[in-house]
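Undergrad: Here is a sequence with its predicted model. Questions after.
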Amino acid sequence: MFTGIIEEIGQIKEFSYLSSGARLVVECSCVLDDMKLGDSIAVDGCCQTVVDFNSNSFTVDVSRETLEVSIFKTYRSGTYVNLERALTPKSRMGGHIVQGHVDGRGIFLKKVSQGGFYELYFEISKDLGRYVVHKGSIALNGVSLTVAEVKDNIFKVAVIPHTYVNTNLRDLQSSQLVNVETDILGRYVEKFLSSNNNVGRITQDFLEKNGFM
């Protein structure tokens, strides 16, 4: 589990395809502290398992499923990626609950500068769009963000200067793909509502009392 608060921007050193997936080597420094084999690292929001590491990089084996749903196929040597280590029991929950299980890809549309702050616009599929709500949480390339506006399948996030400078959101170009993980809370609510056993039990009063509204 992760928070969506990026610790470091790493750089792809090697990307090679395997018979059943791919292998990724990422150059970095901060996230190597106390690293052990088997540790979980979120690479642009995708939870990956460390299979090897040294003093300046770590290696992960990427599954075929991850290649299909994420932006990993676009990686080349030199690509910058957001990195975050998994939560520990004493970690502060600064962002929101991010599983590192990417739901799909979004398309970056445009950036509007607001005196050091930035408004970023993205388009996603209808399947993902139903989980995106105004003032809700979303993870883009692993970055925990708040949805500032939604219209059909297009949404806007407001990014503060610190987040912009310290993540690879700063490098996004028009039509570039990003990893998207929607808020898990929305998916659980949908599952709960879809159960026949819960028909008629969900009211506005119920949602307000349980923090959904």
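TA: Noted; the coordinates are in hand.

Undergrad: all helices of the chain, in order?
TA: Taking DSSP state H, the helices of the chain run over residues 64-69, 126-129, 161-165, 184-194, 204-209.

Undergrad: Break the protein down into its domains, please.
TA: Domain segmentation of the chain under automatic domain parsing yields 8-85, 104-189.

Undergrad: what bits of the protein have low per-residue confidence?
TA: Low-confidence segments of the chain, defined by pLDDT under 70: 89-95, 186, 188, 190-204, 206-213.

Undergrad: Strands along that one, start to end?
TA: 8-18, 21-27, 40-43, 46-53, 57-63, 80-85, 104-114, 117-123, 137-140, 143-151, 154-159, 177-182 (DSSP state E).

Undergrad: who wins for proximity to Asp171 among the ones you listed?
TA: With C-beta to C-beta as the criterion, Asp171 lies closest to strand 80-85 of these, at 6.2 Å. (C-beta placed from N, C-alpha, C; glycine too.)

Undergrad: what's the distance between the residue most central in space within the chain and Ser16?
TA: Most central in the chain under C-alpha atoms, centre = their mean is Gly142, positioned 2.7 Å from the mean C-alpha point. Here Gly142 is placed at a distance of 22 Å from Ser16 (C-beta to C-beta, to the nearest Å).

Undergrad: And Phe2, by the same measure?
TA: Phe2 sits at a distance of 26 Å from Ser16 (criterion: C-beta to C-beta).

Undergrad: Check what contacts stretch 82-91 and list those residues.
TA: Residues outside stretch 82-91 that contact it (C-beta atoms under 8 Å, 6 or more residues apart in numbering) are 1-10, 26, 28, 30-31, 39-45, 47, 93, 100, 141-143, 167-168.

Undergrad: Leaving aside the residues adjacent along the chain, what's closest to Asp52?
TA: Thr59 (4.0 Å; C-beta to C-beta, 6 or more residues apart in numbering).
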